[in-house]
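> Model the structure of this input:
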Amino acid sequence: MKIPPSIRARLLFALTASSLCLTSSSLAQSTVTPAKKEDEIQQLTPFEVSAAKSKGTYVQEEVVSVTKFAVPIINVPQNVFVFTREFMDDLNFGQMRAMLAYNASLQGGLNSVGGSYRGFSNQEKLRDGFKMSAFFDYDPVHFERIELLKGPSAVMYGRTEPGGITNYVTKTPVPGANFANFTIGTGKIYHNTRRNFMADINQSLPVTGGNGNLDLRLTAAYREYQDGVDSITENGGQKQASVRLAATYWLTKNTRLYLSYMHYYRLFESQFGRYASFAVGVPQATPGLTIPFSILYGRDPFEDYGYGRNFYWQFNDTEAILDHKFSSTLSFRAGFHMHKRTNEDYLLLIAPTTVAGQGAIAQTNINKNKDDVYLPDFQAHIAWKPGADQNVLVGVNRNIQFLDQKQWNQQRNPDGTPFRRTYIPSQGIPHALPGDVAYIATAVNRNRTYYDAAQINYLGGFLEEKLHLMAGVAYNKVKIEFKPSSLRPSPPPTLQTTDTNPQLGVIYKVTPEWSAFILGSQSSQYTTTQDSFGKYFGPILGTGYEGGFKFAIGQGRFNGTITYYNTEQQNNVVFDPLAKSFLYQQTVTAGTPNPALLGDNVAAGTTASKGVEFEINGSVTPDWGVTFSYAHNDQIFKKNPLAVVQGTKVGGTEPNRMTMYNRFNFDRMGAKGLYTGLGIIYIDKIYGGFSPGSNNTKTYWAKGGLRLDAMVGYRFQWLGRGNEIKFQAINANGPETFRSGFDPARNAPYAYLKAKPSLNFDYTIRF
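Got it, this is the predicted structure:
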């Protein structure tokens with residue numbers, strides 16, 4: 001197993017730190033007295049969730065994403081779904097996105113959440129409340145839970161999508177505790193071996209003359225596995241490594257400093273034929289032309305061109321948070337987070353032609369992209385508790401994105417020889433494919449984006465805490481500066497847009513265990529699209545309404561939400577074939593109007609999404625834990641200048657999606673330490689859409705599928721340590737899910753492919 005030097009260096013750091021922590025463990029255990037429970041609670045700030053023991057499997061009583069301080073879920077007039085640490089341990093996927101498939105509001109197939117959140121984009125992601133890039137996909141070992149905040153959320157996070165936002169909450173050091181958990185795993189994915197190594201180490205070290213202990217937590221992971229298109233077709237190997245170190249220390253009795261650093265590296269190596277075949281998709285070169293599936297999924301005619309599509313991602317995250325308690329009712333938090341993403345990507349695109357017969361290849365384009373993105377995020381908040389059940393938060397934040405994006409392109413003739421172009425050595429690409437002499441830089445995109453927001457939010461209880469009111473407003477400002485480059489000496493003009501987004505919600509406890517709630521909220525996005533006159537469009541506004549019931553039965557051990565929502569995204573930029581363009585206006589000025597030049601971008605599109613959600617988290621009994629979600633979603637293009645589009649459904653919509661994962665412990669049945677798990681993801685059908693710009697004006701539905709996951713584990717004591725073994729099968733039933741393209745002549749997809757089960761074995765030892 002060959003590990004890149006950058007990964008070896010960071011793994012060496014992780015192992016060294018682990019050995020130091022373990023070496024000091026015996027000393028620390030004799031010199032450090034674990035904090036008393038009451039002392040630990042006294043030091044908690046209102047910005048974090050209490051470390052109190054959960055009432056059962058998959059139970060989460062509090063969330064921080066809604067108000068940026070810890071509040072009980074039952075008091076929040078909004079649908080918030082939580083994936084707990086126990087659930088992440090049970091599924092132990094190498095990628096967060098595959099785990100999130102177990103919530104029905106996140107759509108995109110059986111094995112991936114894709115890009116849909118209640119039918120809208122799922123590109124907005126947070127880590128501990130800080131903005132992240134859309135490619136965020138760290139290893140689950142670093143996180144304590146995942147909070148899905150449904151609906152528009154601009155009142156807390158400024159620019160967001162209307163469908164919802166996902167907050168990944170990292171593991172923090174446990175005060176006064178010393179422990180270490182190590183996991184090693186293997187398995188089979190297709191014909192390849194899966195490898196898995198994880199570590200989670202917590203140490204509390206005394207500080208002479210200080211105000212307490214220095215609490216440290218190190219988490220690290222290294223994985224090798226076979227990935228695939230839509231996670232079901234054999235494609236290429238992946239290697240990913242990550243290490244994270246977090247530290248907490250009380251500078252004074254009332255001031256706490258939290259620091260963390262994370263490095264993540266992921267290398268993807270694909271086979272040209274497997275990926276390129278799906279890259280073809282359905283760009284029909286001629287209306288009605290289809291490329292035979294046998295060519296798409298057969299032997300790759302380009303396999304001699306090189307090692308295929310490769311890309312890597314590298315993230316470095318630094319986080320610093322300072323908490324200060326002025327009094328028992330007033331606290332302050334200032335935070336800074338720097339996220340840096342670097343990624344390089346090779347991609348093969350195939351252009352079909354009809355000259356030499358249906359399905360022949362005219363040329364190939366081999367693209368190379370390199371992105372460097374910096375995302376510094378500054379936040380400051382004041383939390384005030386004017387009463388026992390009254391909470392006020394006032395905050396400001398600035399998130400900046402520095403983007404440096406470079407693209408190269410090469411075209412090859414049908415016989416595989418490169419198109420001859422002027423070669424500029426300074427623009428050459430490392431690791432070029434064999435025979436490359438024609439790579440040229442085609443684009444250099446540099447911009448600076450500033451997101452500023454100020455918000456005030458209130459959450460309080462009345463009528464002996466039977467009634468809770470949540471109200472807030474956010475002011476957002478976005479500014480984008482496009483920098484000139486050698487290939488873009490005259491970049492677009494600066495974009496600047498502002499908006500104000502309110503939110504109002506009420507929840508009333510009908511009984512001690514049941515509540516009714518209603519919420520109205522807004523969000524906003526921006527667009528860099530211009531019309532033919534060079535004018536930018538204003539903010540894209542998202543407006544959402546939802547209401548329903550929440551329940552927490554069994555003394556809070558079993559909680560759930562029943563929600564009806566109606567969300568619209570307005571001012572979407574669409575093309576109007578009758579709009580007067582700049583070129584048309586020129587013909588009017590010249591006295592010779594030319595109707596053929598009509599057509600321009602306009603802010604006249606509205607997409608509407610409405611549906612029902614039913615979700616459950618918790619323990620049915622002390623031994624039976626379950627997470628369940630069902631979503632019915634109906635999304636249409638409500639307004640559009642194109643009559644053929646208006647009123648039609650949005651492609652990719654899954655009208656009915658259901659997910660459920662059950663975990664059962666056999667301790668009370670005489671088999672102490674034995675547990676099992678069974679997961680189900682079901683989609684009845686997927687709307688495929690149509691293409692009004694070609695001869696394909698028919699609509700079609702693609703069939704959904706049923707995915708089964710199974711697990712069995714056993715915990716036992718051996719050599720004075722806690723041990724655990726676990727067997728896991730993902731896609732155990734081999735569902736048919738993936739479709740390749742669409743044939744308008746048959747009004748059906750080309751073909752469906754079957755998933756192959758992934759079989760995993762993990763062993764964990766706890767110190």
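> Please make it C-alpha for all contacts and neighbour counts, starting now.
Noted.
> Any idea how many residues pack against residue 671?
Each residue near residue 671 was counted by other Cα atoms under 10 Å, and the total is 11.
> Correct me if wrong, but it is in a helix.
No - Residue 671 is assigned coil when assessed by DSSP: H, G, I helix; E, B strand; the rest coil, not a helix.
> Next up, the contacts around it.
Not one residue lies near residue 671 by Cα atoms under 8 Å, 6 or more residues apart in numbering.
> how much space is there between it and residue 91?
From residue 671 across to residue 91, the span is 22 Å (Cα to Cα, to the nearest Å).
> what do you get for residue 726?
For residue 726, the distance to residue 91 - Cα to Cα - is 10 Å.
> How much space separates residue 450 from residue 526?
From residue 450 over to residue 526 (counting by Cα to Cα), the distance is 12 Å.
> Check residue 164 too.
Residue 164 is 16 Å from residue 526, by Cα to Cα.
> can you check residue 328 too?
40 Å.
> pLDDT-wise, which helix or strand of this structure ranks last?
helix 293-297 (a mean of 28; mean pLDDT, DSSP states H and E).
> C-terminal to that one, what's the next element?
For helix 293-297, the following helix or strand on the C-terminal side (DSSP states H and E) is strand 310-325.
> mind listing the strands for the stretch 1-150 of the chain?
Secondary structure of the stretch 1-150 of the chain, counting by DSSP state E, counting those that start in this stretch: strands at 62-63, 71-72, 80-83, 106-107, 116-117, 120-121, 125-127, 130-131, 143-150.
> And the stretch 651-767 of the chain, by the same measure?
Under DSSP E, counting those that start in this stretch, the stretch 651-767 of the chain gives strands at 656-665, 674-687, 701-718, 721-730, 736-739, 742-743, 748-749, 752-754, 758-766.
> Take these and write them to TSV, including mean pLDDT.
TSV is the format used below for these (pLDDT from 0 to 100):
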stretch	mean pLDDT
strand 656-665	95
strand 674-687	93
strand 701-718	90
strand 721-730	93
strand 736-739	64
strand 742-743	56
strand 748-749	56
strand 752-754	66
strand 758-766	90
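> So for residue 559, which of those sits nearest?
Minimum separation from residue 559 across those (Cα to Cα) falls at strand 656-665, 14.7 Å.
> chain center to the closest one, what's the gap?
How far strand 656-665 lies from its chain's middle: 21 Å, per Cα atoms, centre = their mean, to the nearest Å.
> For that strand, which strands pair with it and how are they oriented?
Next to strand 656-665 in the sheet, as set by DSSP bridges, lie strand 624-639 (antiparallel), strand 674-687 (antiparallel).
> how far does the longest one sit from the chain's center?
Put plainly, it is strand 624-639. The answer for strand 624-639 is 17 Å, by Cα atoms, centre = their mean.
> Point out the most buried one among the strands of the stretch 1-150 of the chain.
Counting by mean count of other Cα atoms under 10 Å, strand 106-107 has the highest mean neighbour count of these, with a mean of 29.
> other SSEs contacting that one?
strand 116-117 (3 or more Cα pairs under 8 Å, 6 or more residues apart in numbering; DSSP states H and E).
> and the strand it packs on, what does it pack onto?
Secondary-structure packing of strand 116-117 (3+ Cα pairs under 8 Å, 6+ apart): strand 106-107.
> Any idea how many residues pack against residue 70?
The burial count for residue 70: 18, using other Cα under 10 Å.
> Name the helix or strand for the residue of the chain most remote from its centre, please.
Here the chain reaches farthest from its C-alpha mean at residue 591, the gap being 53.5 Å by Cα atoms, centre = their mean. Under the criterion DSSP H and E, no helix or strand holds residue 591.
> how near is the closest residue to residue 650 other than its chain neighbours to residue 573?
Using Cα to Cα, 6 or more residues apart in numbering and skipping the chain neighbours, the partner closest in space to residue 650 is residue 636 (5.4 Å). To residue 573, residue 636 is 16 Å away according to Cα to Cα.
> Residue 397 now?
Residue 397 is 28 Å from residue 573, by Cα to Cα.
> and residue 184, what helix or strand is that in?
Counting by DSSP H and E, residue 184 is found in strand 179-189.
> who does the helix or strand following that strand touch, helix- and strand-wise?
Remark: after strand 179-189, the chain's next helix or strand is strand 192-206, criterion DSSP H and E. Under the contact definition 3+ Cα pairs under 8 Å, 6+ apart, strand 192-206 sits against helix 5-31, strand 179-189, strand 213-229.
> Not counting strand 192-206 itself, show me its contacts.
18, 21, 25, 28, 31-32, 141, 173-188, 212-226, 760, 762.
> and residue 391, that one's in a strand?
Yes - Residue 391 forms part of a strand when assessed by three-state DSSP.
> Name the nearest residue to it, sequence neighbours excluded.
Per Cα to Cα, 6+ apart, closest to residue 391 is residue 385, 4.8 Å.
> Partner strands of the helix or strand hosting that neighbour, with direction?
Here residue 385 sits within strand 360-387, counting by DSSP H and E. Sheet pairing for strand 360-387, assigned by DSSP bridges, gives strand 330-353 (antiparallel), strand 390-412 (antiparallel).
> Show me what the residue nearest to residue 650 bridges to in the sheet.
Taking DSSP bridges as the rule, residue 636 bridges to residue 608, residue 649.
> do the same with residue 563
Taking DSSP bridges as the rule, residue 563 bridges to residue 548, residue 613.
> what number of residues lie near the nearest residue to residue 465 once chain neighbours are set aside?
Spatial nearest neighbour of residue 465, chain neighbours left out: residue 389 (7.5 Å); criterion: Cα to Cα, 6+ apart. Using other Cα under 10 Å, the number of residues around residue 389 comes to 13.
> Kindly provide the distance from residue 389 to residue 72.
With Cα to Cα as the criterion, residue 389 and residue 72 are 11 Å apart.
> Same question for residue 341.
For residue 341 relative to residue 72 (Cα to Cα), the value is 34 Å.
> Next up, the contacts around the residue nearest to residue 391.
With contacts defined as Cα under 8 Å, 6+ apart, residue 385 is in contact with 329, 330, 391, 392.
> same deal with residue 207?
By Cα under 8 Å, 6+ apart, residue 207 lies in contact with 213, 214.
> repeat that for 6 Å
residue 213 (Cα atoms under 6 Å, 6 or more residues apart in numbering).
> ok, now the one 10 residues further on?
By Cα under 6 Å, 6+ apart, the contact set of residue 217 is 173, 201, 202, 245, 246.
> what's the neighbour count on the third one?
Right, the one you point to is residue 202. Neighbour number of residue 202 under other Cα under 10 Å is 27.
> Spatially nearest residue to it, not counting backbone neighbours?
Computed as Cα to Cα, 6+ apart, the closest residue to residue 202 that is not its neighbour in sequence is residue 217, at 4.4 Å.
> what do you get for the last one?
Take residue 246 and drop its neighbours on the chain: the residue closest to it by Cα to Cα, 6+ apart is residue 260, 4.1 Å away.
> quick one, what contacts that neighbour?
For residue 260, the contacting residues are 245, 246, 318, 319, by Cα under 6 Å, 6+ apart.
> In which helix or strand does it reside?
Secondary structure from DSSP H and E places residue 260 in strand 255-270.
> Run the angle between that strand and strand 310-325 for me.
170 degrees (axes from the mean of the first three to the mean of the last three Cα atoms, to 10 degrees).
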